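Novice: Okay, structure incoming, though there's no sequence with it:
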């Protein structure tokens, strides 16, 4: 197997509207990418991140709203035949 990959990072993961996610996934596929790494989803400098906003009490619980956004990215990428790491 050959993979041609890129990253989706930080604010792009949590601030992109769902229709734009689908457009971006389609564009990545057309550009020949078949792998995307999700990166900086848990970094403290990203607000919000997978734990919620900076007001989140700790990092032992994942924020359901942010998980939905990551799930939407994964679904959009999968629909275009792009693997996620």
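Specialist: Yes, it's here. No experiment lies behind these values; they were computed from the predicted model shown.
Novice: Find the least confident helix or strand in the protein, judged by mean pLDDT.
Specialist: Least confident element among the helices and strands of the chain, by mean pLDDT, DSSP states H and E: helix 10-15 (a mean of 92).
Novice: Check which helices and strands that helix sits against.
Specialist: helix 64-79 (3 or more C-beta pairs under 8 Å, 6 or more residues apart in numbering; DSSP states H and E). To be clear about C-beta, it is placed using only N, CA and C from the backbone, and glycine gets the same treatment.
Novice: List of residues touching the helix it packs on?
Specialist: With C-beta atoms under 8 Å, 6 or more residues apart in numbering as the contact definition, helix 64-79 has outside contacts at 8, 13-14, 16, 18, 21-22, 24-25, 28, 36, 38, 41, 48-52, 83-84.
Novice: ok so, going back, let me know the angle separating the following helix or strand past the least confident helix or strand of the chain from helix 64-79.
Specialist: Of the helices and strands lying after helix 10-15 in sequence (DSSP states H and E), the nearest is helix 18-30. Between the axis of helix 18-30 and that of helix 64-79 there is an angle of 30 degrees, by axes from the mean of the first three to the mean of the last three C-alpha atoms, to 10 degrees.
Novice: Identify all contacting residues around the very next helix or strand once past helix 18-30.
Specialist: The element immediately downstream of helix 18-30 (helix or strand, assigned by DSSP H and E) is strand 35-39. The contact list for strand 35-39, computed with C-beta under 8 Å, 6+ apart, reads 3-10, 13, 28, 70, 73, 77, 82-85.
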